[in-house]
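*Asks:* Return a 3D structure for these sequence lines:
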Amino acid sequence: MGGSTRGRTEGRNKIKICIASTWKSLCGISTYSNYQTSELQKLNPDLFILAEDRTDSGPDDTQQSTLPYSECWSRYRGFDRVLDVIKQQKPDIIHWSHEFGLFCLTKKTMLEYLDLLEKINKLNIKQTIVYHSVPHVLGNPFFSEYFERSSSFFDKIIVHTDEQMFKLIEYKVPQSKLVHINHGVLLCPLYDKQEARKKLGIPQNKKVVMSMGFFGGLKGVDELIGIHAELIKTDPNILFYFVGGLHYATAIYGRDYMKQCFKNILNKGLKDKFIITGFVHEDLLPWYYAASDLAVLNYKPSGYLSASGCSAKLVASKRLIVTTDGTHRNDEIRNGKECIKIHYADMEGLTRTIQNVINHPDENIINNAYSYAQENQWATAAKKHMEIWNEIGNRI
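*Replies:* Model prediction:
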């Protein structure tokens with residue numbers, strides 16, 4: 001008799017779910033899991049977090065969740081402790097919040113992860129997974145081996161976009177296991193622009209363009225600096241804010257890029273005109289949305305199909321989003337519907353678009369984006385996940 005069945009015979013009525021994720025750390029997956037579990041708790045499952053060791057993922061004591069958790073795995077050192085925690089917790093279902101940089105960082109950790117999935121199945125514990133990123137190009141033997149061997153261990157495989165689903169089918173993942181659930185959206189407070197600017201020390205008489213996210217080359221910050229140098233030639237009244245800092249776990253790779261960006265700002269005479277804020281707490285982000293006139297996400301291609309956590313915040317901001325296409329990082333929002341998309345290599349086109357819309361943002365697109373936010377808020381996403389887990393639980 002497996003761990004799951006033992007738990008039910010001991011008188012537990014609620015379905016017990018262990019969610020494997022980064023937790024209370026400075027990263028997007030941790031933030032995603034925090035929003036998700038906050039809504040899941042309202043649906044009354046028994047939740048426990050299988051967390052990564054925060055010496056690797058980075059501490060964040062600002063998260064207020066009181067859910068029980070154990071730091072029992074590491075992207076670098078593997079998963080030796082996970083099985084002991086699972087046997088102690090006796091869950092009905094384990095749900096993996098998956099990024100390849102977390103659970104399959106190297107061939108060694110990928111094989112250890114696959115071995116762990118197999119051992120969990122032998123305990124008669126069901127497993128589901130959400131892929132935050134799916135590799136775009138077929139033919140890489142690393143990813144081919146992973147998908148060929150892993151898919152049989154999961155009852156359901158969740159993705160955020162249709163494009164991710166179609167790619168997994170190309171990887172020969174059984175279509176019957178795939179479920180599309182849009183990335184959850186946080187309905188943020190809609191503050192007054194003047195009040196927000198007063199709070200943040202932003203001049204009232206300026207036009208403000210905002211971008212956001214963990215700082216790195218895939219955010220195209222170096223290009224945004226060049227774009228801003230062109231923008232102020234025709235409209236010197238524009239300020240640009242990049243709201244975000246380095247990712248704790250990858251800071252070693254981003255520091256040189258950030259230094260180069262600061263150097264470019266000085267060389268182009270943009271001091272006090274292009275501002276990089278550094279890390280900003282989640283509670284302060286809506287104030288930056290409110291203070292801005294326009295949001296720009298200059299994503300660059302990453303080789304993965306993923307949903308954008310930044311897009312999932314900004315669609316609820318009542319600000320027009322201008323972003324890039326062909327990067328596979330924000331395909332859940334549509335050009336001309338919830339945003340405006342420019343080709344990722346067309347910096348002149350992105351510059352012209354910002355010039356054209358900063359004074360006259362398209363209210364239809366803004367309203368469509370807000371409707372999308374209301375339809376895909378975290379409560380809805382959590383309910384869809386719970387429906388899957390309850391259906392699986394009823395078969396245990």
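*Asks:* now the stretch 101-250 of the chain, which segments are flagged as low pLDDT?
*Replies:* Within the stretch 101-250 of the chain, the ranges that satisfy pLDDT under 70 run 248-250.
*Asks:* would you list every one of the strands in it?
*Replies:* Secondary structure of the stretch 101-250 of the chain, counting by DSSP state E, counting those that start in this stretch: strands at 126-131, 133-135, 156-159, 178-180, 207-212, 238-243.
*Asks:* residues in contact with the spatially closest residue to residue 117 that is not a sequence neighbour?
*Replies:* The spatial neighbour of residue 117 that comes closest, neighbours along the chain excluded (Cβ to Cβ, 6 or more residues apart in numbering), is residue 153 at 4.1 Å. In this view, the C-beta of every residue, glycine as well, is placed from N, C-alpha and C. Going by Cβ atoms under 8 Å, 6 or more residues apart in numbering, residue 153 touches 117, 118, 120, 121, 127.
*Asks:* gap between residue 153 and residue 393?
*Replies:* Per Cβ to Cβ, to the nearest Å, residue 153 is found 17 Å from residue 393.
*Asks:* if I read this right, residue 324 contacts residue 347, doesn't it?
*Replies:* No: counting by Cβ atoms under 8 Å, residue 347 is not a contact partner of residue 324; they are 9.9 Å apart.
*Asks:* So if I had to pick from these two, which one is more boxed in?
*Replies:* Each of residue 324 and residue 347 has its neighbours counted (other Cβ atoms under 10 Å); residue 324 has more, 25 against 18.
*Asks:* now the more buried one, what's its secondary structure?
*Replies:* Three-state assignment for residue 324 (DSSP: H, G, I helix; E, B strand; the rest coil): strand.
*Asks:* is it in a bridge, and if so with what?
*Replies:* In this structure, residue 324 bridges to residue 342 when assessed by DSSP bridges.
*Asks:* Let me see the contact set for it.
*Replies:* Residues in contact with residue 324, defined by Cβ under 8 Å, 6+ apart, are 220, 297, 298, 299, 300, 341, 342, 343, 344, 350.
*Asks:* Give me the subset of those residues lying in helices.
*Replies:* Among the contacts of residue 324, the members found in helices (DSSP state H) are residue 350.
*Asks:* Is it possible to mark the buried ones in the contacts of residue 324?
*Replies:* Neighbour-count burial (16 or more other Cβ atoms under 10 Å) applied to these gives 220, 297, 298, 299, 300, 341, 342, 344, 350.
*Asks:* Look at the nearest residue to the first one once chain neighbours are set aside and report its pLDDT.
*Replies:* If I follow you right, that is residue 220. Closest residue in space to residue 220, ignoring its immediate chain neighbours: residue 298 at 3.4 Å, by Cβ to Cβ, 6+ apart. Note for residue 298: predicted pLDDT of 97.
*Asks:* Would you quantify the distance from residue 298 to residue 322?
*Replies:* 9 Å.
*Asks:* what is in contact with those two at once?
*Replies:* Common neighbours of residue 298 and residue 322 (criterion: Cβ under 8 Å, 6+ apart): residue 350.
*Asks:* Surely residue 381 is in contact with residue 40?
*Replies:* No: applying Cβ under 8 Å as the test, residue 381 and residue 40 come out as separate, 9.5 Å apart.
*Asks:* how about the helices in the stretch 151-300 of the chain?
*Replies:* For the stretch 151-300 of the chain, the helices defined by DSSP state H, counting those that start in this stretch cover 162-170, 193-200, 221-234, 251-267, 285-291.
*Asks:* what's the angle from the first one to strand 126-131?
*Replies:* What that stands for is helix 162-170. Here the directions of helix 162-170 and strand 126-131 differ by 120 degrees (axes from the mean of the first three to the mean of the last three Cα atoms, to 10 degrees).
*Asks:* Helix 162-170 - contacts with which helices or strands?
*Replies:* Applying 3 or more Cβ pairs under 8 Å, 6 or more residues apart in numbering; DSSP states H and E, we find helix 162-170 packed against strand 133-135, strand 156-159, strand 178-180, strand 304-306.
*Asks:* Let's have these in TSV, adding distance to residue 29 and mean neighbour count.
*Replies:* Converted to TSV, the helices and strands packed on helix 162-170 look like this (distance: least, Cβ to Cβ, whole Å; neighbours: other Cβ atoms under 10 Å):
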stretch	distance to residue 29	mean neighbour count
strand 133-135	10	22
strand 156-159	14	25
strand 178-180	19	15
strand 304-306	11	24
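*Asks:* So which of these is nearest residue 226?
*Replies:* For residue 226, the closest of the helices and strands packed on helix 162-170 is strand 304-306, at 25.4 Å, according to Cβ to Cβ.
*Asks:* Strand partners (parallel or antiparallel) of that closest one?
*Replies:* As assigned by DSSP bridges, strand 304-306 forms pairs with strand 133-135 (antiparallel).
*Asks:* got a list of contacts for the strand it pairs with?
*Replies:* Residues external to strand 133-135 that are found in contact with it (Cβ under 8 Å, 6+ apart): 99-100, 143, 159, 164, 167-168, 171, 302-306.
*Asks:* Generate a markdown table for the residues you listed, with distance to residue 333 as supplementary columns.
*Replies:* Converted to a markdown table, the contacts of strand 133-135 look like this (distance: Cβ to Cβ, whole Å):
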| residue | distance to residue 333 |
| --- | --- |
| 99 | 21 |
| 100 | 24 |
| 143 | 26 |
| 159 | 16 |
| 164 | 14 |
| 167 | 18 |
| 168 | 21 |
| 171 | 25 |
| 302 | 17 |
| 303 | 20 |
| 304 | 17 |
| 305 | 14 |
| 306 | 13 |
